[in-house]
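>>> Need a 3D model of the sequence below.
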Amino acid sequence: MTPSFATRGSYRHRYYVCTGAQKRGWQVCQAPSVPADQIERLVIGELFAIGGDPELISEALDAWRRGQEDDTERLEASQMAAALRQVESAWPSASPAQRAAMLRRILSHVVYDAGAKEIALKFCPEGIRQLATQADGLAAAL
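Next comes the predicted model:
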């Protein structure tokens, strides 16, 4: 899905559009467009759930590792936990632009299954490592 918006008067309506619908017609997608706040709440809820549960972190890492062609890019559970804790602690006071930047840093993309109303998060290991390193630096300074 690709972010988009429509403006009516002074109101800006944000939504995500199925890329298949854009390329091949609205009929190819179960949900050709989804309100931005709806899918963003799903993404954040999933991220915070994963970050708060070591078992979900392990499952997310296992899924990520299955998608790797080689094992040169290691990502540890402690790194993912530290990165997700940092995002969760910064989230309430972050501006919309800062929130978007955090998500772009740790997620390579999000897959939305409209039929099941479920999402799958695809993580960006380099961004997770960077946030984990920052979190370690902050902890060491305290």
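>>> Closest to the mean position in this protein, which residue would that be?
Leu107 (4.5 Å; C-alpha atoms, centre = their mean).
>>> With Leu47 as the reference, measure out to that residue.
To Leu47, Leu107 is 8 Å away according to C-beta to C-beta, to the nearest Å. Backbone N, C-alpha and C define where each C-beta goes, glycine included.
>>> just the strands in this structure please.
2-8, 11-17, 33-35, 107-113, 118-123 (DSSP state E).
>>> Gly67: which of those is closest?
strand 118-123 (7.8 Å; C-beta to C-beta).
>>> ok, and what's touching the closest one?
39, 42-43, 46-47, 50, 60, 64, 67, 75, 80, 106-113 (C-beta atoms under 8 Å, 6 or more residues apart in numbering).
>>> switch to 6 Å and redo it
Leu42, Glu46, Trp64, Leu107, Ser108, His109, Val110, Val111, Tyr112 (C-beta atoms under 6 Å, 6 or more residues apart in numbering).
>>> Would you convert those into CSV that also reports pLDDT and distance to Gln27?
Shown next, in CSV, are the contacts of strand 118-123 (pLDDT from 0 to 100; distance: C-beta to C-beta, whole Å):
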residue, pLDDT, distance to Gln27
Leu42, 89, 24
Glu46, 91, 28
Trp64, 78, 33
Leu107, 90, 29
Ser108, 87, 28
His109, 85, 23
Val110, 86, 23
Val111, 85, 20
Tyr112, 83, 17
